[in-house]
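Student: Let me see the structure of the following:
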Amino acid sequence: MGMAEVIVLEGTNWKNIGVIRNGNKLFCSIYEVLFLVEKGHLRLLDDSGTSTSLEDIYMKISDENNRWYWEEFQAYRKLKSLGYIVGQHGIPWSTIGVKSKCEFVSSKGCPKIDEAVDFETNDTSSSNGLFNEMRSNEARPVFDVYAPNKNFKKSSPGDPCFVLCFTRSRPPSKLDLEALERQCGSIPLKFCHVDYGSASFFSFDKVELPTLP
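Tutor: I've put the predicted structure just below:
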């Protein structure tokens, strides 16, 4: 699914939403678009310049081919509602920004706004390619999550306070966890599972069991 280019910018929402590409152009992911449309802060335009209704966006994101986006949006909306700054994992906020420390891995490899946006029909290759790759794994990183920060800068976001990974039908395997931990280093991992529209967040702690005689 493509990204949307923001045509008119007003207000201060954009300090921690959207990525900067091609100079100073601002692009939003489907999660950001839907979140802002729900809040009444953004209008989405199609190629003909016609506004797309919220219901139509829901239909697009919740169909069988895009169900992963819908589940991930449940977590995105929850985190944003709590005040967190949420970016797409591994996708720099700005071309000047620092690349995320984490990469996708598998266990085998170890105030009122009236903006308008247009969907980019061409792939934003770096993000879409990453999304397609990530969906092949049960435990995969999706969002880089930052603590609320009024001084947040896309050009120098710093390290996220945690990386949010998603699980599907089963908990992540030990190999998945170890591979993700190696790649993320000191950045904590949290996991999300969405069931019937409810997002549950959890993490894993290492426990040393005593050796029995």
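
Student: hey, where'd the strands end up in the chain?
Tutor: For the chain, the strands defined by DSSP state E occupy 4-6, 19-21, 25-28, 42-45, 51-52, 85-88, 115-119, 140-146, 162-166, 189-195, 198-202.

Student: Run through who's touching the top helix by length along the chain.
Tutor: Longest helix in the chain, counting residues (DSSP state H): helix 67-81. Helix 67-81 has contacts (C-beta atoms under 8 Å, 6 or more residues apart in numbering) with 1, 30-32, 34-35, 38, 61-62, 86, 135, 142-143, 145, 164, 166, 192, 194, 197-199, 201. C-beta: built from backbone N, CA, C; applies to glycine.

Student: go with 7 Å
Tutor: For helix 67-81, the external contacting residues (C-beta atoms under 7 Å, 6 or more residues apart in numbering) are 1, 30-31, 34-35, 61-62, 86, 135, 142-143, 145, 164, 166, 192, 194, 197, 199.

Student: Which of those are buried? Put it as a ChimeraX command.
Tutor: A single ChimeraX command selects the buried members of these (16 or more other C-beta atoms under 10 Å):
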select :1,30,31,34,35,61,86,142,143,145,164,166,192,194,199
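
Student: burial measure for residue 206, as a count.
Tutor: 6 (other C-beta atoms under 10 Å).

Student: The longest helix of the chain to strand 198-202, inter-axis angle?
Tutor: 70 degrees (axes from the mean of the first three to the mean of the last three C-alpha atoms, to 10 degrees).

Student: any weak-confidence spans in the chain?
Tutor: Scanning the chain for pLDDT under 70 picks out the ranges 1, 96-138.

Student: hang on, residue 93 packs against residue 152?
Tutor: No - Residue 93 is beyond contact range of residue 152, at 9.1 Å (criterion: C-beta atoms under 7 Å).

Student: between these two, who's got more neighbours?
Tutor: A side-by-side neighbour count of residue 93 and residue 152, using other C-beta under 10 Å, places residue 93 first with 24 against 15.

Student: Contacts only, for that one.
Tutor: Contacts for residue 93 (C-beta under 7 Å, 6+ apart) come out as 19-20, 87, 154, 157.

Student: before we move on, back to that, would you mind giving the strands of the chain as CSV with distance to residue 73 added?
Tutor: Listed next are the strands of the chain as CSV, based on distance: least, C-beta to C-beta, whole Å:
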stretch, distance to residue 73
strand 4-6, 14
strand 19-21, 17
strand 25-28, 13
strand 42-45, 14
strand 51-52, 16
strand 85-88, 11
strand 115-119, 16
strand 140-146, 11
strand 162-166, 12
strand 189-195, 9
strand 198-202, 9
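
Student: Any figure for the gap between residue 159 and residue 202?
Tutor: Using C-beta to C-beta, to the nearest Å, residue 159 is found at 21 Å from residue 202.

Student: which one of the two has more residues nearby?
Tutor: Shown here are residue 159 and residue 202; by other C-beta under 10 Å, residue 159 has more neighbours (16 against 10).

Student: Spatially nearest residue to residue 37 (excluding sequence neighbours)?
Tutor: The shortest distance from residue 37 to any non-neighbouring residue, by C-beta to C-beta, 6 or more residues apart in numbering, is to residue 54 (5.5 Å).
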